[in-house]
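Participant: Would you be able to build a 3D model of this:
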Amino acid sequence: MSNLEKKKASRAERQQIISEWKQSGMSKKQFAEQRGLKYCTFVGWFQSFGKEKTQSGFSEVLISSGDKLFMEVVIKEKTFRFYHVLPPEYFQLLLK
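Facilitator: Residues are numbered from 1 along each chain as shown. Predicted coordinates for the structure are as follows:
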């Protein structure tokens, strides 16, 4: 991938590489070095996509103990608890 330094990577290519980094478990610096990318270039890609797009997008939500659990969904190491019925479209978006 060192040729990405020489040509401008398309938005789709940058998104793909960022996605691969997220799954790698490596630091940004380690990943950039392994892929032959300049670290400052790689970090710059995150700024162009916005900070919220590089994070999981999930926040802890505290539910009062009086609420009854409706459904629990486990995807890999993440557990999602739902306390009321949600439309099917919500789950389609969640699984994208």
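Participant: in this protein, which helix or strand is least confident?
Facilitator: Here the helix or strand of the chain ranked lowest by mean pLDDT, DSSP states H and E is helix 51-54, holding a mean of 46.
Participant: Listing partners with orientation, what would you give for whatever helix or strand comes next after it?
Facilitator: Per DSSP states H and E, helix 51-54 leads on to strand 71-75 as the next helix or strand towards the C-terminus. Strand pairing for strand 71-75, determined by DSSP bridges: strand 78-82 (antiparallel).
Participant: what does the following helix or strand past the partner strand contact?
Facilitator: As assigned by DSSP H and E, the chain's next helix or strand after strand 78-82 is helix 88-94. Where contact means CB atoms under 8 Å, 6 or more residues apart in numbering, the residues beyond helix 88-94 that reach it are 73, 80. Backbone N, C-alpha and C define where each C-beta goes, glycine included.
Participant: In this protein, where is pLDDT below threshold?
Facilitator: For the chain, the stretches with pLDDT under 70 are 1-7, 50-67.
Participant: Quick one: distance of the helix ranked longest in the chain to the chain centre.
Facilitator: In the chain, taking DSSP state H as the definition, the longest helix is helix 11-24. Taking CA atoms, centre = their mean, to the nearest Å, one finds helix 11-24 lying 9 Å from the centre of the chain it belongs to.
Participant: List the buried residues for it?
Facilitator: Across helix 11-24, burial judged by 16 or more other CB atoms under 10 Å covers 14, 17-18, 21.
Participant: ok, how many other residues are close to Val43?
Facilitator: Per other CB atoms under 10 Å, the neighbour tally for Val43 reads 13.
Participant: again with Lys38
Facilitator: So Lys38, with other CB under 10 Å, has 13 neighbours.
Participant: got it, and Ala9?
Facilitator: Residues within reach of Ala9, counting by other CB under 10 Å, total 18.
Participant: Wait, it touches Gln15, no?
Facilitator: No. The criterion here is CB atoms under 8 Å, and Ala9 misses it with Gln15 at 9.6 Å.
Participant: between those two, what contacts are shared?
Facilitator: With CB under 8 Å, 6+ apart as the test, Ala9 and Gln15 reach no residue in common.
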